[in-house]
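K.L.:
how does the following fold in three dimensions:
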Amino acid sequence: MIRSYFPKCVALFAFFVLSVGALDTFIGAVYEHAVVLPNSTETPVSKEEALLLMNKNIDVLEEAVKLAAKQGAHMIVTPEDGIYGWVFTRESIYPYLEDIPDPEVNWIPCRDPQRFGYTPVQVRLSCLAKDNSIYVVANIGDKKPCNASDPQCPPDGRYQYNTDVVFDSQGRLVARYHKGVESTPQKPSRRITMTWKQRVASCYQS
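P.N.:
Numbers count the residues shown, from 1 in each chain. Model prediction:
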């Protein structure tokens, strides 16, 4: 059985106009939907099961992206935890995470899906942005390996981040923001800074 947080098929839109400079304005859409949730967030599932659930939420998001683009939006901001839900343990969230590269690598996942390994969610979000010529801001999970040479490395050998990503209208990954901190009971927290694009994304997801 799959659960939804809001009544089925509920979708909420709000449009905003931001002026970045005297000659630079754009229309943005802020979006919420009935998130499809896993049956349990405490028991780890396979990568295949995790992807199946995430695709169900991206299916809903796809319709919202198309509608926003048709209505003239240049950017759509999707909800935090809108792709896989919330209240996971460190272990149970792991199958939902992907390795999100630094945007400086100049990567369009939709055109080069194998470049950074298993990244089906990033590929699909990139294609939604590219196919609809719209910026897509989404909240997904990032994982970064580490080892004993890093004194802050968690015992399981990886950092896990709640992450905002932005794909431009060509499907290129242009921003990655690790929201808040990554911490464990044994290790201090690490904080990541952000750019103006990511501040826009974070503010409208809060």
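K.L.:
quick one, strands of the protein?
P.N.:
3-4, 11-21, 24-33, 36-37, 75-77, 135-145, 158-167, 173-178, 181-182, 190-191 (DSSP state E).
K.L.:
lowest-pLDDT helix or strand in this structure?
P.N.:
strand 190-191 (a mean of 38; mean pLDDT, DSSP states H and E).
K.L.:
relative to residue 111, how far out is residue 83?
P.N.:
22 Å (CB to CB, to the nearest Å). Backbone N, C-alpha and C define where each C-beta goes, glycine included.
K.L.:
and the strands of the chain, which one's lowest on average pLDDT?
P.N.:
Within the strands of the chain, confidence is poorest for strand 190-191, with a mean of 38 (mean pLDDT).
K.L.:
ok, longest helix in this protein?
P.N.:
helix 47-70 (DSSP state H).
K.L.:
that helix vs strand 135-145, what angle?
P.N.:
Using axes from the mean of the first three to the mean of the last three CA atoms, to 10 degrees, the direction of helix 47-70 lies 160 degrees away from that of strand 135-145.
K.L.:
list the buried residues of helix 47-70.
P.N.:
For helix 47-70, burial by neighbour count (16 or more other CB atoms under 10 Å) applies to 50-51, 53-54, 56-58, 60-62, 64-65, 67-69.
K.L.:
again, but for stretch 162-172
P.N.:
162-169, 171-172.
K.L.:
reformat these as a markdown table; add distance to residue 135.
P.N.:
Supplementary listing: the buried residues of stretch 162-172 in a markdown table, determined by distance: CB to CB, whole Å:
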| residue | distance to residue 135 |
| --- | --- |
| 162 | 20 |
| 163 | 16 |
| 164 | 12 |
| 165 | 11 |
| 166 | 6 |
| 167 | 7 |
| 168 | 6 |
| 169 | 6 |
| 171 | 10 |
| 172 | 10 |
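K.L.:
next, give me the two most distant ones among these.
P.N.:
162 and 169 (25.0 Å; CB to CB).
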